[in-house]
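**Student:** Predicted model follows, preceded by the sequence.
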Number of protein chains: 2
Amino acid sequence: MRVSDLSEAELIARIQSRLQPPPDWLLVGIGDDAAVVAPARGRLEVLTVDALVEGIHFDRAVMPPDAIGHRALAVNLSDLAAMGATPRLALLSLGLPEGLSCGEFDGIVGGLAALAARHRIHVIGGNLTRSPGPLLVDVTVTGTVKPRCVLTRAGARPGDEVYVTGTLGAAGAGLRMLRETPAPNQHASPACIQRFCYPEPRVRVGELLGRNRAATACMDLSDGLADGVHQIARASGVGIEIDADVLPIEAAARAWYAAAGQDPIVGSVTAGDDYELIFTCRPKGKRRLRAARLREGPVLTRIGVCTSRPGVFLTRAAQGGPLAEPMPIGYSHFLASN
Amino acid sequence: MRVSDLSEAELIARIQSRLQPPPDWLLVGIGDDAAVVAPARGRLEVLTVDALVEGIHFDRAVMPPDAIGHRALAVNLSDLAAMGATPRLALLSLGLPEGLSCGEFDGIVGGLAALAARHRIHVIGGNLTRSPGPLLVDVTVTGTVKPRCVLTRAGARPGDEVYVTGTLGAAGAGLRMLRETPAPNQHASPACIQRFCYPEPRVRVGELLGRNRAATACMDLSDGLADGVHQIARASGVGIEIDADVLPIEAAARAWYAAAGQDPIVGSVTAGDDYELIFTCRPKGKRRLRAARLREGPVLTRIGVCTSRPGVFLTRAAQGGPLAEPMPIGYSHFLASN
């Protein structure tokens, strides 16, 4: 059965059947002209939207439906995490191509609903339309944050240390593994593909960094580490030096880039799709940072330092002392052809 | 110049140059991972999203760029109006096809920004992506409403009178005039086409109906009067009788349908795209309704009554007394081929 065999009301019912029971702050939910929500007391609201378009951000031939739904929500939750916010609600806008099967539809909604349930966020409404071409998944999310706990890109100062969560490069390599079939080398790794398909937004780390006032600046690495470092440097008015030798490049990504004849560090820092956080801390803020560390969360790695000297550099150990090269410009998801 | 010749940052700058200065409640705007907003004191939040997809909702060959932008925001503002809410902010998610010119881009953004300025709402963020096919304009808006002033579809009771704002049928006829070229009859009317391209959301009427507690139920007529009547009847658990002879059908639409050999009343009540409000009032609530009337707003027309007898009927004067026929099912924007 295809989605075009069902009415809009039937499709909405299929979505609702996959959602958790509505929270008490939802006063009017799906089914009226708009949703009505009681605001969270004493908190600011944080809002973001991100669209996934078939043929640009994913390919239905190689990406499972639940991964499409998971990813569409995850990229938004990652943006909230980067602000120190606790996610609260989502609006789901879908553009459905004629031939989409009900199984694919259910898979997309199921992947999104499963991640939503894990983060206790509720889908309060949305929009369904047909699409004459690509599948479209556009998700708006809002979250809340206490006024003094907002993390922006603009607070880093010279001397602040630069940290990153988790590992780098796996998702970007995973995307290439998915696209380059037959694989150009034998290092295709299910783990990298998994990281691309099911990114894990660092929601809890972001909340704790904000709540403990441990970070002076923060953003997510949706467009890669190189882009993140440039953005924080520009927004904060500092320089940044990154130590290439301590970057937590995922081993499978390192192997893939090396086998493809590319520098694994340049490849990993310029690839997008790492939904890790980059953040900066005062050097005396170690106690706060320890408070923000999770018992079962991702590893936090110190990768560099903010400088009063402008410019963004990647430093590598070399014979005769470290060499600093300008940080590559990074991934531009709008102009790039991938 | 085409949008694909510009970077994402350059396109964002083009959008920002068309926006009003940011309001004081916007604490972090465009340029960070997400926007941060101070909530409005003592008010509930109202949220909605609506997507316009090229080839489904509009055709770039016949619709001016500024109308695309205007419409994308207007359809959302109409949803807020139907809840009694005051619009506050918008998030703009655009999917841009390769060949889109910068002039078209500016036109779309300009049309949206002009309507936003008139309603004092601010575009606080969004998303830009390429599209492999159609132009996509997905807009999320939020508004605020006092807790006791929310209008839903569910409050109508038997005996309540049914009202509609403005006139009906013009936009639906205008869409057909745009599509059916060469025109099948000589009654194509610039006024109907204008109503389709630049719908005027009834924001002020909705606010006043909510604030004066004048309406027991309300929704907008995006899918036409027939759909609206069915929805309110179902949500409120009442029957509704509509008097076909008093329906404020736009004269140009009436002429168009008649010349096309169709019943103008059935044509007008089943066509979508009327962004008028339908609402119900207690028969003793005339004073409240008068308070909600605008000096320079749209005409309000009493078109029927809610009944305890279930069913939705369209009554017409006939020899030997009025005849009641079942209200047509109306426009289904998801399954319909238009």
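**Tutor:** It's in.
**Student:** Could you use CA atoms for every contact and neighbour count after this?
**Tutor:** Will do.
**Student:** Give me the below-cutoff pLDDT ranges for chain A.
**Tutor:** Residues of chain A that meet the criterion pLDDT under 70 lie in A:181-187, A:331-338.
**Student:** Now for the residue most central in space within it: which residues touch it?
**Tutor:** By C-alpha atoms, centre = their mean, chain A has its centre lying nearest to A:Tyr275, at 3.4 Å. Counting by C-alpha atoms under 8 Å, 6 or more residues apart in numbering or on different chains, A:Tyr275 touches A:Val75, A:Ser78, A:Pro199, A:Glu200, A:Pro201, A:Arg202, A:Asp220, A:Leu221, A:Ser222.
**Student:** Of those, which belong to helices?
**Tutor:** Residues of the contacts of A:Tyr275 located in helices (DSSP state H): A:Val75, A:Ser78.
**Student:** Top of the contacts of A:Tyr275 by number of neighbours, please.
**Tutor:** Counting neighbours by other C-alpha atoms under 10 Å in any protein chain shown, A:Asp220 leads those with 31 neighbours.
**Student:** Could you verify my assumption that A:Tyr257 touches A:Pro264?
**Tutor:** Yes - between A:Tyr257 and A:Pro264 there is a contact at 5.0 Å, judged by C-alpha atoms under 8 Å.
**Student:** count of neighbours near A:Arg309?
**Tutor:** A:Arg309, neighbours per other C-alpha under 10 Å, totals 12.
**Student:** can you confirm it is in a helix?
**Tutor:** No - applying DSSP: H, G, I helix; E, B strand; the rest coil, one finds A:Arg309 to be coil, outside a helix.
**Student:** hmm, back to that, so which of the contacts of A:Tyr275 reach chain B?
**Tutor:** A:Asp220 (C-alpha under 8 Å from any C-alpha of the partner chain).
**Student:** And A:Ala255, how close does it get to A:Arg179?
**Tutor:** Distance of A:Ala255 to A:Arg179, computed by C-alpha to C-alpha, to the nearest Å: 17 Å.
**Student:** More neighbours: which of those two?
**Tutor:** Ranked by neighbour count (other C-alpha under 10 Å), A:Ala255 and A:Arg179 place A:Ala255 first, with 19 against 14.
**Student:** And the helix or strand hosting that one, how far out from the chain middle?
**Tutor:** Assigned by DSSP states H and E, A:Ala255 belongs to helix A:251-259. Computed by C-alpha atoms, centre = their mean, to the nearest Å, the chain-centroid distance of helix A:251-259 equals 22 Å.
**Student:** which SS state does the residue nearest to the centre of chain A fall under?
**Tutor:** Here A:Tyr275 is coil, with the state taken from three-state DSSP.
**Student:** ranges for the strands of the stretch 151-300 of chain A?
**Tutor:** A:161-165, A:217-220, A:239-243, A:277-281, A:300-307 (DSSP state E, counting those that start in this stretch).
**Student:** Which residues does the shortest one contact?
**Tutor:** Counting contacts by C-alpha under 8 Å, 6+ apart, the residues outside strand A:217-220 that touch it are A:78-79, A:81-83, A:151-156, A:228, A:232, A:236, A:275-281, B:32-33.
**Student:** As a check, name the ranges of all helices in chain A.
**Tutor:** Along chain A, counting by DSSP H, helices occupy A:8-16, A:65-82, A:102-118, A:170-179, A:190-197, A:203-211, A:225-236, A:251-259, A:264-270, A:286-292.
**Student:** Just the closest residue of the stretch 51-200 of chain A to chain B, please.
**Tutor:** A:Asp79 (5.1 Å; C-alpha to the nearest C-alpha).
**Student:** Check the gap between that residue and A:Leu92 for me.
**Tutor:** On the measure of C-alpha to C-alpha, A:Asp79 and A:Leu92 end up 16 Å apart.
**Student:** now A:Ala324
**Tutor:** Going from A:Ala324 to A:Leu92 by C-alpha to C-alpha gives 45 Å.
**Student:** The two: who's more crowded?
**Tutor:** Higher neighbour count among A:Ala324 and A:Leu92: A:Leu92, with 23 against 17, using other C-alpha under 10 Å.
**Student:** give me the beta-bridge partners of that one?
**Tutor:** Beta-bridge partners of A:Leu92, counted by DSSP bridges, are A:Gly126, A:Val139.
**Student:** ok, A:Ile68 touching A:His57?
**Tutor:** No - checked against C-alpha under 8 Å, the pair A:Ile68 and A:His57 is beyond contact range at 9.3 Å.
**Student:** Looking only at neighbour counts, state which of those two leads.
**Tutor:** Using other C-alpha under 10 Å as the criterion, A:Ile68 and A:His57 rank with A:Ile68 on top: 28 against 18.
**Student:** Which residue, neighbours along the chain excluded, lies closest to that one?
**Tutor:** Residue nearest to A:Ile68 in three dimensions, not counting chain neighbours: A:Ile108, with 5.8 Å by C-alpha to C-alpha, 6 or more residues apart in numbering or on different chains.
**Student:** So the residue of the stretch 51-200 of chain A closest to chain B is in contact with A:Val46, correct?
**Tutor:** No - using C-alpha under 8 Å, A:Asp79 is not in contact with A:Val46; the gap is 9.5 Å.
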